[in-house]
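Undergrad: Following is a predicted model, sequence given first.
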Amino acid sequence: MKKTVFFILLLLALIACDDRLDKMPYGSVSKENFYNTADDAEKAVTAAYKSFQLLDGQNTWNTQAGYTPMGDITAPDAQAHPDLVVYYQIQQCIIPASSDQISMLYQRCYKALLLANTALERIPDIDMDATLKSRYMGELYFIRGFWMFRLGQIFGTAPLVTKALELSELDLPNSIRESEFILGKSVNRYKITKSDLFEQAESDFKMALQQSIADKNTGNLLGRADKGAVQAYLAQVYLYEHRWSEAKTLLEEIMSYGYELLPDYNDLFNGSSDNSIEAVFEIQYAAMNQKGTDNFGTVLNAPNGDGFVAGGGWGWTRPTPDLEKEYEDGDPRLLATIFRKDIDDFYGQIFVDKVNGTGLGTRKWCIGNPPKNNGVTIDESSWYNSLNYTLVRYAEVLLWYAEVVNELGDQATAAKYVNMVRARTGTTADPNTINSNEIKELPPISTSLSYEEMFRAILHERRVEFAMEGKFGWDLRRWGIAKDYLTTPTVWQNEITPGYFKYQDGKDEIFPLPQLEIDRSQGILKQNAGYE
């Protein structure tokens, strides 16, 4: 798919609508003279996939609204660049509903839904091969479900939109979202009991699974939705809803498709392994084609000013000492994730933290100029590159499975799957070329841990395995432990600024709805609880 799609930019403006959902169409393409052929269907699906490329790391300054940093700065894992005041507001849980960041995150979801909804409505009427049409529909149901899930995860009560809206239909009420904290549990105690958005996502994922999509794509279909990707996102809905047995069944199906862990953890992020055996769902990027399909993530993530990459690196977020302390002695994932001041190097250049940040920088996705690029296409003028970005990888499936079976009372099996992830530390190399570090295969965790001890072991493993990948902040919220975790005085940044994290249960599980959208709705749309 990386070679065959993402080259249709004009289609991003197919539908005429006001600026709440999309822009006016350019040129002569419109829904009146489109959606007639199989080629039109292919282009419409391609345009819908484009929404994933806008998730993070593309369109330069517009990446300020990236979704991945939200999962890092809502935890004690990342310090924001000083230029990004809004990131500090989100981190401290004092973000105002008037924030442009909130509006951009919200609008991207609905722009993606517009593309998916329109294609889902129009493609069924096209005279084309039935099997191909079914595959396209399956991919579109997945794309719509993905964005429904994002809306539910981030905004909670955002309006449910399952069709391309006319101008008169834009003022929609909130969707329903209800939750509870389970009495008697101290961990994994937050449960979504009702969510219109999650229910629609579940329905869409199940519809996708009924279409002609493969269990696991290969060849030219790599990067498109397959059953593994769909089931991974459906499983996440079930995790929020504590539907442990259903999640277990889904995850076992995914594990039957032939995914494997890459032997060297470094290879997940250094550009050498796009669409690898570990990738369950991966965003596809291409560079140097003038089609807007490029990845800007290296510049955003690489250390600010140290000159490791094209553009120098902006260091939008920096790892914190709190995250560094989470790693066990000798865990090579630390070296693959983080640059430490005056210790770690990038192809022989020592990290010196030129901006006087946390003393730490992000190594993941740091792709240098040739020959320090592992074959990744680099545009040294625009600073874009072709590196893919993996949203779900097999290690996450294994740790979700460990979480599920722990909830079902099988701690021994949970340990087995945690240890599968830990065992990769034995085949992961030290990426440094100057100062060598002692690294080792981490010992397996005990199979006789209690329920809560196993939960803590899974928490630790998820934090270090997916550090700086936008996961941990959402994990804390889904588990219902964010307030206890974030407001502990010994957690960064509370050590420096007492009371830094101002998290409130019942409010900060989700973000505020954009005040702009509430105002436009003339009072129909109501603000999320606690943000009035």
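TA: Looks like it arrived, so ask away.

Undergrad: mind showing which ranges of the stretch 101-250 of the chain have poor pLDDT?
TA: The stretch 101-250 of the chain contains no residues with pLDDT under 70.

Undergrad: how about the helices of it, start to end?
TA: 130-154, 196-209, 227-240, 244-255 (DSSP state H, counting those that start in this stretch).

Undergrad: Residues touching stretch 376-385, excluding its own?
TA: Outside stretch 376-385, the residues that touch it by Cβ atoms under 8 Å, 6 or more residues apart in numbering are 58, 271, 285-288, 294-296, 298-299, 309-311, 367, 369-370, 373, 386-387. Using the backbone N, CA and C atoms, a C-beta is placed for each residue, glycine as well.

Undergrad: Going by neighbour count, list what's buried in that stretch.
TA: Residues Val376, Thr377, Ile378, Asp379, Ser382, Trp383, Tyr384, Asn385 are the ones in stretch 376-385 that count as buried (16 or more other Cβ atoms under 10 Å).

Undergrad: where does this structure dip in pLDDT?
TA: 1-32, 57-65.

Undergrad: Looking at it, which residue reaches furthest from the middle?
TA: Most distant residue from the mean C-alpha position of the chain: Asp127, 35.7 Å away (Cα atoms, centre = their mean).

Undergrad: follow-up on the earlier one: among the buried residues of stretch 376-385, which are located in strands?
TA: Per DSSP state E, strands hold no members of the buried residues of stretch 376-385.

Undergrad: Just flag the most distant two among these.
TA: Distance extremes for those: the farthest pair is Val376 and Ser382 at 14.1 Å, using Cβ to Cβ.

Undergrad: sorry, back to before: okay if I get the buried residues of stretch 376-385 as a markdown table plus distance to Val491?
TA: Below are the buried residues of stretch 376-385 laid out as a markdown table (distance: Cβ to Cβ, whole Å):
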| residue | distance to Val491 |
| --- | --- |
| Val376 | 36 |
| Thr377 | 40 |
| Ile378 | 38 |
| Asp379 | 40 |
| Ser382 | 39 |
| Trp383 | 34 |
| Tyr384 | 36 |
| Asn385 | 34 |
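
Undergrad: List the contacts of Gly361.
TA: Ala302, Pro303, Asn304, Asp306, Gly313, Gly315, Arg318, Pro319, Ile338, Phe339, Phe351, Asp353.

Undergrad: So what's the residue count around the closest residue to it other than its chain neighbours?
TA: In this structure, Gly361 finds its nearest non-sequential neighbour in Pro303, 3.2 Å apart by Cβ to Cβ, 6 or more residues apart in numbering. Neighbourhood size, Pro303 [other Cβ atoms under 10 Å]: 27.

Undergrad: closest to Gly473 out of the helices of the stretch 101-250 of the chain?
TA: Comparing the helices of the stretch 101-250 of the chain under Cβ to Cβ, the one sitting nearest is helix 130-154, at 10.9 Å.

Undergrad: now for that closest one, which elements pack on it?
TA: helix 38-53, helix 100-122, helix 196-209, helix 227-240 (3 or more Cβ pairs under 8 Å, 6 or more residues apart in numbering; DSSP states H and E).

Undergrad: Would you mind measuring from Ser99 to Tyr88?
TA: 12 Å (Cβ to Cβ, to the nearest Å).

Undergrad: If you could redo that for Ser203, that was the one I meant.
TA: Distance check for Ser203 against Tyr88: by Cβ to Cβ, it reads 38 Å.

Undergrad: what's the answer for Arg144, then?
TA: To Tyr88, Arg144 is 33 Å away according to Cβ to Cβ.

Undergrad: List the contacts of Phe346.
TA: Residues near Phe346 by Cβ under 8 Å, 6+ apart: Asp306, Phe308, Phe339, Arg363, Cys366, Gly368, Lys372.

Undergrad: Can I take it that the second one is in a helix?
TA: Translated: Phe308. No. Residue state for Phe308 (DSSP: H, G, I helix; E, B strand; the rest coil) corresponds to coil; a helix is not indicated.

Undergrad: leaving aside the residues next to it on the chain, what's closest to it?
TA: In space, Phe308 is closest to Phe346, 4.5 Å off (Cβ to Cβ, 6+ apart).

Undergrad: what's across from the one you found in the sheet?
TA: Gln349 (DSSP bridges).

Undergrad: And for Ile283?
TA: In this entry, Ile283 is beta-bridged to Tyr389, by DSSP bridges.

Undergrad: Number of residues surrounding it?
TA: Neighbours of Ile283 (other Cβ under 10 Å): 24.

Undergrad: Check the contact between it and Leu387; I expect there is one.
TA: No. Look at Ile283 against Leu387 with Cβ atoms under 8 Å: they stay out of range, at 9.8 Å.

Undergrad: any idea what Ala287 is structurally, helix, strand or coil?
TA: Relying on three-state DSSP, one would call Ala287 coil.

Undergrad: Let me see the ranges of the strands in the stretch 351-500 of the chain.
TA: Secondary structure of the stretch 351-500 of the chain, counting by DSSP state E, counting those that start in this stretch: strands at 360-362, 389-393.

Undergrad: before we move on, the earlier item: arrange the helices of the stretch 101-250 of the chain in TSV, one row each, with distance to Cys93 and mean neighbour count as further columns.
TA: Shown next, in TSV, are the helices of the stretch 101-250 of the chain (distance: least, Cβ to Cβ, whole Å; neighbours: other Cβ atoms under 10 Å):
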stretch	distance to Cys93	mean neighbour count
helix 130-154	14	23
helix 196-209	22	22
helix 227-240	20	24
helix 244-255	29	18
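
Undergrad: I am finished for the moment; much appreciated.
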